[in-house]
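**Student:** sequence and computational prediction follow.
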Amino acid sequence: MVLVDTTIWSLAIRRRARDRALVEAWVSMVTSGTAALIGSIRQEILSGIQRARVFEAIRLRLSDFPYFSIGPQDYDQAARFFNTCRSRGVTATDMLVCAVAHHHDVPIFTTDTDFERYARYLPISLHGLGRNNGKS
């Protein structure tokens, strides 16, 4: 399984040709059943979709994907990760994504370069083209 971040979903939904390799990697994960979500990423994907019909179509398709559950321990870990990053001068906004990926021992697939900074200090791994694929 791979926790796919909002940036990748956004590229795939919009089918931007210049990011073809990332979209193809996403398609491979979807086809193999390894692309997973958490609720906050689902919310980000659906936010800002103005046309009700498009919103509903995407909402229904997202329901087919596996979701990682989020428990109190994940929120606690997110706070620990935030504190670790902050103590090293790294602004940290996606700590719940990091905590859930860590808890389920899965990589994060993203284009958000903030995650590369997080991976220097947190026990997370990144999946993707040209990304750090090992645990830090």
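**Tutor:** Arrived safely. Numbering: from 1, shown residues only.

**Student:** now the longest helix belonging to the chain: mean pLDDT?
**Tutor:** Counting by DSSP state H, the longest helix found in the chain is helix 72-87. In this model, helix 72-87 carries a mean pLDDT of 97.

**Student:** next one: stretch 51-60
**Tutor:** Stretch 51-60 comes out with an average pLDDT of 96.

**Student:** just the CA coordinates for the worst-scoring helix or strand of the chain on mean pLDDT, please, in PDB.
**Tutor:** Comparing helices and strands within the chain by mean pLDDT, DSSP states H and E singles out helix 6-14 as the least confident, with a mean of 89. The C-alpha trace of helix 6-14 is given here as PDB (Å, rounded to 0.1, in the frame of the first residue of the first chain):
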ATOM      1  CA  THR A   6      -3.400  15.300  -2.500                       C
ATOM      2  CA  THR A   7      -0.800  16.600  -5.000                       C
ATOM      3  CA  ILE A   8      -0.800  13.300  -6.900                       C
ATOM      4  CA  TRP A   9      -4.600  12.900  -6.800                       C
ATOM      5  CA  SER A  10      -4.900  16.400  -8.200                       C
ATOM      6  CA  LEU A  11      -2.500  15.700 -11.000                       C
ATOM      7  CA  ALA A  12      -4.300  12.500 -11.900                       C
ATOM      8  CA  ILE A  13      -7.700  14.000 -11.800                       C
ATOM      9  CA  ARG A  14      -6.700  16.900 -14.000                       C
END
